[in-house]
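Novice: Sequence plus the predicted model coming up.
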Amino acid sequence: MEQVATSHAHADVHGNHEESGFWRRYIFSVDHKVIGVQYGLTALLFLFFGFTLMTIMRWQLAHPGEPIPALFFVVPIAAIGILVFFASGFKPSINMLLGALFIGMAGIVYYLTSGDERFPGGIMLPEFYNQLGAMHGTIMIFLGVVPLAVGAFGNFVVPLQIGAPDMAFPKLNAASYWSYFLGGTTMLVSFFVPGGAANSGWTSYAPLSVIATTGQTMWLIGMIFLITSSLLGSVNFITTIVQLRAPGLTFMRLPFFVWAQLVTSFLLLLAFPPLEAAGILQLMDRVAGTSFFLPSGLVVSGQPLQNAGGGSPILWQHLFWFLAHPEVYVLILPAMGIVGEIIANNTRKPLWGYKSLVYATVFLGFMSFIVWAHHMFLTGMGTTISTFFQTTTMIISIPSVIILTALVLSLYGGSIRFTVPMLFALAFLPMFGIGGLTGLPLGLAPPDIHLHDTYYVIGHFHYVVAPGTLFALFAGIYYWYPKIVGRTMNTTLGKIHFWGSFVAINFVFMPMFIQGLAGVSRRLYDGGQQYAHAQGVLYLNNVMSIAAWALGAFQIVFIINFFWSLKRGKVADTNPWQATTLEWQTPTPPPHGNFLKEPVVVRGPYDYSLPGHATDFIPQNDSDHSR
Amino acid sequence: MFQKRMYLALTGLMLASAPLVAGDVTGKVSFSGKAPTPVKLLMSADPVCKKAHPTDVYSEEVIVNKNQTLKNVLVYVKDGLGGKTFPAPAEMVVFDQKGCMYQPHVLGIMIGQELEVVNSDPTLHNVHSLSKLNTQFNQAQPMKGMKMTKKFDKVETFKVKCEVHSWMGAYIGVFSNPYYAVTGDDGSFTIKGLPAGEYTLEAWHEKYGTQTAKVKVDATGKVTADFGFKG
């Protein structure tokens, strides 16, 4: 992706400095755009890998106890890798690297779908199912969605949108990426140690996680790297947004995407430290003989555990969920920001209720810190504290609904352009609606008694993250691709990707509500086969698995489009979407230092279709019609 | 000619005296006192297990035979072999899960000998060894016919249980020598081929603990050692 490379041909705002070597320029770069691309490509690879793990789980769920057709999973990945590798023309390039990584991924998938410790006679062992479950969740959240939403989109777009030359702390930015890279590699390597990867759920509940196999130790070490990465990044984002806004860019003129990233960064900054501390404590329980989370008198398999005792498993749950609830808002807020940008741009009118959006987002951030125990209603908590958390959980739905309503109302009276980013952004709205509404019975303790730890929960959170956040992230990729690469992605392939994914994803997750209401528990390696109450809804496992594999097939369309467009996509000008925000008012790709001349902002972020103006959009730094 | 006859005579003498170099230890493990009431196992949680037992099935923790002897007592040489090492036999010991019960309930195996764990039931079993000296394992066998092999490298007697079916339990004794036996339906045991010498035998029962007895394997080649446990 040579077009991303910093260009020193023109004078840049930094003035002249030495030409950087290959390693400093492409690998250990401190330029936010390069780092953003690094984050994006790494995250997309992890997302694809985490998705593949789920497709393997879905084989077991649809066909429990049947030998797995491993090549069904290996061959498509290898084919992508070979295609991309060959398309690079064997020239050392990002394409060659990515092609090699896909081929490597195919090799890993082949390893994982074989071997007596995982698939004796081709039949998945329950222990391995547990590893897949834990790692699918961990990889998708911590190695996929957050790095893509915050690390990639945040890094690339935010400095451009605020008219800054780079992030406030470029070296910290690079440190943040490489810490993420180390954490991700540690997690990946854990599949290869004796006993395999972590298998105690992405939630790593004590005491099970404390007595689990070696992979759990690596999970904890990986998490420490990942959390450090997020903390470094969040400090950077907050400082950048507060301090480096271009002249005239007041807070209430910020694009909604920037507000979303600002609140997200506060959530990361304040919520992650307890989990990092807890992770270190659990690590010490595992390797140093402490008992922070191990109670006295714990009996494992009929034998008393020889440990110091005196610890509390519930303490782990509190420390974990204190992060993990704000974490879900970290997952959704950047997505809402992206959807806001794309809706304004493709309705050719300002977002409805900008102030409401901003205040709701900030309020959401505050509230997200005082709802965590709705994940713990079944731990034996008393009615007083349960009432408190039910109340705060009901209250937090208000800002969510305000944001969703504002985005929906933004469509009214708009001149809608059904571009590929807009299709994904539009789909986000009802999908997030379903996800949010299905969260309500979970946030109230009485129905949660029935629904906790069932497939209903899995359906709920996947609706918010998968057809919710991930669709918004796809929208963002299609939207900002021309700014990063200088070419647009193919529209036909994009629409095929969208419609195929939209249909398939609903068939994957809607049946989960039915299974959950029937009482099918989550984390069952055979999908409920052994339970009488599950028999009537077992057939849905097959439906969901076929839909999941179809969903995978449509992602291949996206991958082909992504790589094909790098070289063969229609060349894009600086502002192909006729957008108002600052990132579109600089050359493509943006030079080192981003802006040839420091922009001066004179208007709000969404001056579309202003009456009496020749064009239907006015860039933020366009002073011809300042008001 | 004379030399040839000498050789023949000496060979004959050696062959005839071979049984005098090693002996068999036999005995019975008796039980006195009131036999505990057999505990009925409830297998209704798993329809496969329930179907395998049309009649009631009872815990194997204490089995008192009709002749007032104890079944499933592990008898082995505790002391007296010095530092002698013995090679592990090539034959595997089969440890089966059938009808949601372990077969056998108590077994002996040598260090380095292969244990083949088989699932003969069409249901999920999980085999968890609760060893302290040997590396613990905890592996599932979800399908009928699945097999796995394990080896042990330390002398120890430990329990093996199934995490899915809580009533399932068995004991494995790992030894550095081949001189051990488990009492059967008649409460008797035979330890074959023990070299002449003085030994301490130990009898182990999962509920009633251990008892020792001293034996001397001598020229007659046959030694008897009996044990008695009280209820």
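Specialist: Ah, there it is.
Novice: What is the longest strand anywhere in chain B packed up against?
Specialist: For chain B, the strand that runs over the most residues, judged by DSSP state E, is strand B:22-32. Strand B:22-32 sits against strand B:188-195, strand B:197-205, strand B:209-217, strand B:222-224, strand B:227-230, with contacts defined as 3 or more Cβ pairs under 8 Å, 6 or more residues apart in numbering or on different chains; DSSP states H and E. In short, each C-beta sits where N, CA and C put it, glycine included.
Novice: Mean pLDDT lowest where, among the ones you listed?
Specialist: Of all these, mean pLDDT reaches its minimum on strand B:222-224 (a mean of 88).
Novice: what lines up beside it in the sheet?
Specialist: strand B:22-32 (parallel) (DSSP bridges).
Novice: on that earlier part again, determine how far the next helix or strand after the longest strand of chain B lies from the middle of the whole chain.
Specialist: Moving toward the C-terminus from strand B:22-32, the next helix or strand (DSSP states H and E) is helix B:47-52. Centroid separation between helix B:47-52 and its chain, computed with Cα atoms, centre = their mean, to the nearest Å, is 27 Å.
Novice: For helix B:47-52, C-alpha coordinates in CSV please.
Specialist: This file holds the C-alpha atoms of helix B:47-52, laid out as CSV (Å, rounded to 0.1, in the frame of the first residue of the first chain):
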residue,chain,number,x,y,z
PRO,B,47,-30.7,-41.9,29.8
VAL,B,48,-27.8,-43.9,28.3
CYS,B,49,-26.6,-44.9,31.7
LYS,B,50,-30.1,-45.6,32.9
LYS,B,51,-30.8,-47.8,29.9
ALA,B,52,-27.6,-49.8,30.5
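Novice: how about it: buried residues?
Specialist: Buried residues in helix B:47-52, counted by 16 or more other Cβ atoms under 10 Å in any protein chain shown: B:Val48, B:Cys49, B:Ala52.
Novice: Can you convert these into CSV and add a column each for distance to A:Val146 and pLDDT?
Specialist: Formatted as CSV, the buried residues of helix B:47-52 follow (distance: Cβ to Cβ, whole Å; pLDDT from 0 to 100):
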residue, distance to A:Val146, pLDDT
B:Val48, 44, 93
B:Cys49, 45, 95
B:Ala52, 50, 94
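Novice: just the residues you listed that are near chain A?
Specialist: Contacts with chain A are made by none of those, judged by Cβ under 8 Å from any Cβ of the partner chain.
Novice: Going by distance to A:Val299, which of the residues you listed wins?
Specialist: Lowest distance from A:Val299 to the buried residues of helix B:47-52 (Cβ to Cβ) belongs to B:Cys49, with 23.8 Å.
Novice: got CSV for the helices and strands packed on strand B:22-32, with mean neighbour count and distance to A:Leu83 too?
Specialist: Listed next are those as CSV, based on neighbours: other Cβ atoms under 10 Å in any protein chain shown; distance: least, Cβ to Cβ, whole Å:
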stretch, mean neighbour count, distance to A:Leu83
strand B:188-195, 17, 67
strand B:197-205, 19, 65
strand B:209-217, 15, 68
strand B:222-224, 13, 77
strand B:227-230, 18, 73
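Novice: Just give the number of residues close to A:Thr454.
Specialist: For A:Thr454, the tally of surrounding residues (other Cβ atoms under 10 Å in any protein chain shown) stands at 22.
Novice: Can you name the residue of chain B nearest to chain A?
Specialist: Ranked by Cβ to the nearest Cβ, the top residue of chain B for proximity to chain A is B:Ala140, at 4.4 Å.
Novice: Point out the other helices and strands that the helix or strand hosting that residue packs with.
Specialist: According to DSSP H and E, B:Ala140 maps onto strand B:138-141. Strand B:138-141 sits against helix A:126-138, strand B:125-129, with contacts defined as 3+ Cβ pairs under 8 Å, 6+ apart.
Novice: Would you agree A:Phe181 falls within a helix?
Specialist: Yes - counting by DSSP: H, G, I helix; E, B strand; the rest coil, A:Phe181 is part of a helix.
Novice: and the gap between the residue lying closest to it once chain neighbours are set aside and A:Ile139?
Specialist: Leaving aside its chain neighbours, A:Phe181 sits nearest to A:Thr42 (6.6 Å; criterion: Cβ to Cβ, 6 or more residues apart in numbering or on different chains). Distance, A:Thr42 to A:Ile139, by Cβ to Cβ, to the nearest Å: 12 Å.
Novice: Same drill for the two, tell me which one is more crowded.
Specialist: Per other Cβ under 10 Å, whichever of A:Thr42 and A:Ile139 has more neighbours is A:Ile139, with 25 against 21.
Novice: tell me the pLDDT at that one?
Specialist: At A:Ile139 the predicted local confidence, pLDDT, stands at 98.
Novice: now A:Val193
Specialist: 95.
Novice: quick one: contacts for the spatially closest residue to it that is not a sequence neighbour?
Specialist: Once flanking residues are discounted, A:Val193 sits nearest to A:Thr214: 4.9 Å by Cβ to Cβ, 6+ apart. By Cβ atoms under 8 Å, 6 or more residues apart in numbering or on different chains, the contact set of A:Thr214 is A:Ser190, A:Val193, A:Pro194, A:Gly195.
Novice: and if we set it to 7 Å?
Specialist: A:Thr214 makes contacts with A:Val193, A:Pro194, A:Gly195, as judged by Cβ atoms under 7 Å, 6 or more residues apart in numbering or on different chains.
Novice: Output the set of residues of chain B in proximity to chain A.
Specialist: Contact residues (Cβ under 7 Å from any Cβ of the partner chain) of chain B with chain A: B:His128, B:Leu130, B:Gln139, B:Ala140, B:Pro142, B:Met143, B:Met146, B:Lys161, B:Glu163.
Novice: so the last one, which of the three states?
Specialist: Secondary structure assignment for B:Glu163 (three-state DSSP): coil.
Novice: I figured it was touching B:His128, is that so?
Specialist: Yes - at 5.6 Å, B:Glu163 counts as touching B:His128 under the criterion of Cβ atoms under 7 Å.
Novice: Find residues that contact each of those two.
Specialist: Common neighbours of B:Glu163 and B:His128, using Cβ under 7 Å, 6+ apart, are A:Ser301.
Novice: who's more crowded, these two?
Specialist: More crowded of B:Glu163 and B:His128, by other Cβ under 10 Å: B:His128, with 20 against 15.
Novice: Quick check: closest non-adjacent residue to the more buried one.
Specialist: Nearest non-adjacent residue to B:His128, counting by Cβ to Cβ, 6+ apart: B:Asn138, 4.3 Å away.
Novice: Tally up the residues packed near the one you found, please.
Specialist: The number of residues packed near B:Asn138 is 16, by other Cβ under 10 Å.
Novice: Pull up the gap between it and A:Leu143, please.
Specialist: From B:Asn138 to A:Leu143 the distance is 28 Å (Cβ to Cβ).
Novice: what residue ranges in chain A are flagged as low confidence?
Specialist: Along chain A, segments meeting pLDDT under 70 span A:1-19, A:625-627.
Novice: Just give me the residue closest to the centre of it.
Specialist: Centroid-nearest residue in chain A, with Cα atoms, centre = their mean: A:Val145, separated by 1.2 Å.
Novice: Go ahead and confirm that residue touches A:Leu333.
Specialist: No - counting by Cβ under 7 Å, A:Val145 sits too far from A:Leu333 to count as a contact (11.7 Å).
Novice: helix/strand/coil for B:Phe95?
Specialist: Here B:Phe95 is recorded as strand under three-state DSSP.
Novice: Fine by me, thanks again.
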